[in-house]
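Provided below are the primary sequence and the corresponding predicted coordinates.
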Amino acid sequence: MSSSDEQDNEARLIDKLRHIEALFSGATTAGERIAADEARKRIRARLKQVAKTDPPVEYRFKLVDTWSRQVFLALLRRYEIMPFRYPRQRRTTVMANVSRSFVEDILWPEFEQLSRTLREHLEATTARVVSEALHTDTSEAVEVPAPQLPNKR
């Protein structure tokens, strides 16, 4: 794959991620969907409005891999929510003070869509690179029956 193709793929991925954010901000026109900055502002305003009736509480999020953690941390920071960890908590743990309704209605669903989109892109890229550089068969290992242990008498 050429450098130009890779840049096109990356540009499409970035557009998909911005489109997801625009959908969660309540964008109604194509012009609004393109204006990611406006979408971000609408979500921040919504977060402040929700905080009046549903005050922030401390949440603990456990994220399974580096990619999803990076997406989640960036999403929190985008909405001006400070992520943190307590001493001795694992790196996979992210704490945040945020309204329950914001987590349920916007933050977590948006994170899941963003994470799924990025994961699909990374999986496709990994499969392509491994296939080109190492071996064309990138399928999973075959499952075989477990060996039987000898009976003890």
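Perfect, I can see it now.

which is the next helix or strand following the lowest-mean-pLDDT helix or strand in the chain?
Least confident helix or strand of the chain, by mean pLDDT, DSSP states H and E, is helix 30-34 with a mean of 57. Scanning forward in sequence from helix 30-34 by DSSP states H and E, the next helix or strand is helix 36-53.

next one: that next one to chain centre, how far?
19 Å (Cα atoms, centre = their mean, to the nearest Å).

can you give me the helices in the protein?
For the chain, applying DSSP state H gives helices covering 3-25, 30-34, 36-53, 66-78, 100-102, 108-133.

packing partners of the shortest one?
With contacts defined as 3 or more Cβ pairs under 8 Å, 6 or more residues apart in numbering; DSSP states H and E, the packing partners of helix 100-102 are helix 36-53. Bear in mind the C-beta positions are built from the backbone N, C-alpha and C, glycine included.

and for the residue lying closest to Leu63 once chain neighbours are set aside, the neighbour number?
Leaving aside its sequence neighbours, Leu63 sits nearest to Arg69 (Cβ to Cβ, 6 or more residues apart in numbering; 4.2 Å). Neighbourhood size, Arg69 [other Cβ atoms under 10 Å]: 19.

ok, the spatially most central residue of the chain - contacts?
Closest to where the C-alpha atoms of the chain average out (Cα atoms, centre = their mean) is Ser115, at 2.4 Å. Residues counted as contacts of Ser115 (Cβ atoms under 8 Å, 6 or more residues apart in numbering) are Trp67, Ser68, Val71, Phe72.

if we use 10 Å, what do you get?
Counting by Cβ atoms under 10 Å, 6 or more residues apart in numbering, Ser115 touches Leu63, Val64, Asp65, Trp67, Ser68, Arg69, Gln70, Val71, Phe72, Leu75.
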